[in-house]
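Trainee: Fold the following and give me the result.
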Amino acid sequence: MIRWVLTIFLALIVFSAAMPWLEKLGIGRMPGDVRFKLFGRQIFLPFASTLLLSMIAIGVGKLL
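Mentor: Residues are numbered from 1 along each chain as shown. Next up is the predicted model:
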């Protein structure tokens, strides 16, 4: 169980760090990605981008 929590935490850190670069490629601006402001903070929920990156990761995993 702790491995999954650690893996998800590391994936979120990598995804957050790579977000400015990924936005240049169009990831993060797809239909299904939600951005809104709440109490002065910008909240970003990348539903469609997460699905796309998951499908790419599964495809690469199957190839390896």
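Trainee: CA atoms for contacts and neighbours, from now on please.
Mentor: Noted.
Trainee: Three-state assignment for residue 14, please.
Mentor: Residue 14 falls in the helix class when you classify it by DSSP: H, G, I helix; E, B strand; the rest coil.
Trainee: got it, and residue 34?
Mentor: With three-state DSSP as the basis, the three-state label of residue 34 is strand.
Trainee: So what's the residue count around it?
Mentor: Neighbour count of residue 34, defined by other C-alpha atoms under 10 Å: 14.
Trainee: ok, now residue 28?
Mentor: If you count neighbours by other C-alpha under 10 Å, residue 28 ends up with 22.
Trainee: which residues of this structure fall in strands?
Mentor: Per DSSP state E, the chain carries strands over the ranges 33-38, 41-46.
Trainee: Now tell me what touches the first one from outside.
Mentor: Contacts of strand 33-38 with the rest of the structure, by C-alpha atoms under 8 Å, 6 or more residues apart in numbering, involve 42, 43, 44, 45, 46, 47, 48, 49.
Trainee: among the residues you listed, who's most crowded?
Mentor: residue 49 (19 neighbours).
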